[in-house]
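Asks: Pasting the sequence and the predicted model now:
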Amino acid sequence: MSRQRYIVTDTTWQPDLTQYPGPKYLGLSRALRDAIRSGELPAGSQLPTVRDLAWRLQLTPGTVARAYQLATQEGLLAATVGRGTFVAAQSPRLGPTQPLYLERVTGGSTGLVDLRPPQVPEVGQAEAFRAALIAMAEGVSTGWLDYTSQRAEAPLRAEVVKWLGDRVLGPISAEDIALSNGGQNAIGLILDCCLRGERPAVLIEELAYPGFRYAARAARAEVVAVEIDDHGVVPESLEAACRRHPAQVLCLTTEAQNPTTGRMPLDRRLAIAGIARAFDLQIIEDDCYSVAESNIPSMRALAPERVWLIGSLSKTVSAALRFGYVACPAGMGEAGRLAAQHSFYALSRPVAEMCHRLFASGAAAAIRSRVQAEFAERLQTMVNRLGAFDLAWQPGVPFVWLRMPLGWRASAFTRMAEAEGVLVRPADEYALIGGRAPNAVRLAIAGNLPRADFDAALDCLARLLRNPPSDLAA
């Protein structure tokens, strides 16, 4: 069996952090990245201990540990118990210490049941897509040879406004809509519109969809977590974060908090809107996981001058279409479309025409209704089989939040479930590095699985939950 070959150095590496503005832990992690890429720290080199480097750089040990942890999650470093921290091989393999959303195992030949991302069931999409593609093929002409134009997307934007008719959004028209290549792309476009300066701050919920922090870091922003409770972001914590940091954007999931399933009540939304106005915050309201209908005014309805509502078809029709949209703040639709134009001109014509036909024909709405019905049945099954445990859920939301019973840690439960062939997502994947991660996991509805396989996976999890590690031997 081959072993990792380590180069034991004198561990005297000491970077100059003055060239890295912003938080010290991010500066140190960037210094590590630069030193590794330049060859100053070759693969296998041993790094100084946390306490030693902290003393020499006049930092707290926690700051250095946080930088080391971030570099480890990026695959740059490898920690060896009893030996120290070393520069990893140049082509690190993804493992448990690197929770990146890259590959998604969805069963098949792997034999694994994936309850990490919600999977839309097949309820007639194939037939609807086939009919739309045939109709599109008959209309193909030389006009398909030119660059796409956002001017041609106006009818599609009008259909999106109709699609959002079950939301309380306030006054809205096709001129307020910008189209994107999925919800994640929409987040990046909004940050392009809103962020300014060398090191702006983006506020996110302390447990949040990881795509928020990935997009913020890609925009070279500092990511700051804000405390949440059962009703969402805590207003006092939000105000305190605004006073401590040069915050420009706040990311929220008001209807279906991801991962805890919580729904923000109206009084909380009003309080947050007031704080956003006081500190001139722009708000990204993530509607991708929204319930089937909502009678509570959205953040966009409460603060239309500063809220960007994003959504997509990934959780209601098909993730393969990569179709998303932004309901921009009043008067900012042109700015949103300009950001999209600078990024990719406009949607690809096949995607735009396909989605327009699905909307205009009513096929998209019919599919959404059937998907929601299937999700509702499977959610009821999940609650029936796991309801004896501490489970949080909300009708219409395709995932549940499971707090671990006595005797289980989320990390151990995740590993044990995988050993049994079931993939789940632990709470620490939703928290910032060094942030608070409760002892819980998120379980999503796999609508693409046969019912028997889905039920068997839930029964497996229930058996594990009833038998924590201390009792397994018995």
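Replies: Ah, there it is. Numbering: from 1, shown residues only.
Asks: And the strands in the stretch 51-200 of the chain, which stretches?
Replies: Ranges of strands within the stretch 51-200 of the chain are 77-80, 84-87, 113-114, 177-180, based on DSSP state E, counting those that start in this stretch.
Asks: Which of these has the highest mean neighbour count?
Replies: Ranked by mean neighbour count, those are led by strand 177-180 with a mean of 26 (mean count of other C-beta atoms under 10 Å). The way it works is simple: take the backbone N, C-alpha and C, and place the C-beta from them, glycine included.
Asks: that older thread, as JSON lines, the strands of the stretch 51-200 of the chain with distance to residue 67 would be great.
Replies: Below are those laid out as JSON lines (distance: least, C-beta to C-beta, whole Å):
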{"stretch": "strand 77-80", "distance to residue 67": "10"}
{"stretch": "strand 84-87", "distance to residue 67": "11"}
{"stretch": "strand 113-114", "distance to residue 67": "32"}
{"stretch": "strand 177-180", "distance to residue 67": "33"}
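Asks: which one of those has the lowest average pLDDT?
Replies: Lowest mean pLDDT within the strands of the stretch 51-200 of the chain: strand 77-80, a mean of 78.
Asks: which residue packs closest to residue 279, ignoring adjacent ones?
Replies: The shortest distance from residue 279 to any non-neighbouring residue, by C-beta to C-beta, 6 or more residues apart in numbering, is to residue 242 (4.2 Å).
Asks: Grab the longest helix from the chain for me.
Replies: With secondary structure taken from DSSP state H, the chain has its longest helix at helix 363-386.
Asks: tell me the mean pLDDT over that one?
Replies: What helix 363-386 shows for mean pLDDT is 96.
Asks: Show me the contact partners of it.
Replies: Here helix 363-386 makes contact (C-beta atoms under 8 Å, 6 or more residues apart in numbering) with 118, 120-121, 123-125, 128, 131-132, 163, 292, 313, 316-317, 355, 357-359, 391, 393, 395-398, 400, 402, 443, 445-447, 451, 454-455, 458-459, 461-462, 465.
Asks: so after it, what's the next helix or strand?
Replies: Using DSSP states H and E, the helix or strand that follows helix 363-386 in sequence is strand 390-392.
Asks: Adjacent strands (with direction) for that following strand?
Replies: When pairing is defined by DSSP bridges, strand 390-392 lines up against strand 399-403 (antiparallel).
Asks: Name the nearest residue to residue 225, ignoring sequence neighbours.
Replies: That would be residue 206: by C-beta to C-beta, 6+ apart, it lies 4.1 Å from residue 225.
Asks: Tell me how far that neighbour lies from residue 429.
Replies: Between residue 206 and residue 429 the distance is 13 Å, computed by C-beta to C-beta, to the nearest Å.
Asks: what's the answer for residue 200, then?
Replies: 25 Å.
Asks: Pretty sure residue 155 sits against residue 355.
Replies: No: taking contacts as C-beta atoms under 8 Å, residue 155 lies outside contact range of residue 355: 10.7 Å.
Asks: So these two - more neighbours on which side?
Replies: Neighbour tally, residue 155 and residue 355, criterion other C-beta atoms under 10 Å: the higher count belongs to residue 355, 25 against 12.
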